[in-house]
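Undergrad: Provide a 3D model corresponding to the input given below.
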Amino acid sequence: MSIDIEDFEERAPEELEEPSNAERVLQFLHEHSDKAWKASTIAKRADVNENSISAVLNRLKEQDLVRHKGSYWAITDDTERLRRAHQFHRTAQRFDELYGEEDREEWIEASERANE
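TA: This next block holds a predicted model:
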């Protein structure tokens, strides 16, 4: 994928980042909240690799952000939960911008040292 050099020059780095698969799925389901969809259709319409869609949907289901019945998926009807999840996501992004992303390995090492 490419973008115009003018967009490259004028846009902020965060504007150039691609949304995650989960963000794409939630955005698609939210925009089409009047329907439930099969996973393969969600993958196509949300531009998510079909090999990844089951894992993405299951993670979102574990977080109660989507509903699942039979072979169909829909956005949660808990709008407050969606709002809080979106707010948390944006806050985490802001902290990453301000302080840098966390290093999972660093956290594991620190935890192991603390437990010695």
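Undergrad: Now do the strands for this structure: every range, in order, please.
TA: Remark: strands assigned in the chain by DSSP state E are 37-38, 66-69, 72-75.
Undergrad: so of those strands, which one's packed in deepest?
TA: Across the strands of the chain, the average number of neighbours (mean count of other Cβ atoms under 10 Å) peaks for strand 72-75, which reaches a mean of 19. (Each C-beta comes from the backbone N, C-alpha and C, glycine too.)
Undergrad: starting at the chain centroid, how far to it?
TA: Centroid separation for strand 72-75 versus its chain: 16 Å, with Cα atoms, centre = their mean, to the nearest Å.
Undergrad: just stretch 89-97 next, same as before
TA: How far stretch 89-97 lies from its chain's middle: 13 Å, per Cα atoms, centre = their mean.
Undergrad: pLDDT averaged over it - what is it?
TA: Averaged across stretch 89-97, pLDDT comes to 77.
Undergrad: circling back to that earlier point, Throw the strands of the chain into CSV and include distance to residue 85, thanks.
TA: Below are the strands of the chain laid out as CSV (distance: least, Cβ to Cβ, whole Å):
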stretch, distance to residue 85
strand 37-38, 19
strand 66-69, 11
strand 72-75, 11
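Undergrad: Any chance of a markdown table for the ones you listed, columns distance to residue 115 and mean pLDDT?
TA: As requested, the strands of the chain are exported to a markdown table (distance: least, Cβ to Cβ, whole Å; pLDDT from 0 to 100):
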| stretch | distance to residue 115 | mean pLDDT |
| --- | --- | --- |
| strand 37-38 | 45 | 98 |
| strand 66-69 | 36 | 97 |
| strand 72-75 | 40 | 97 |
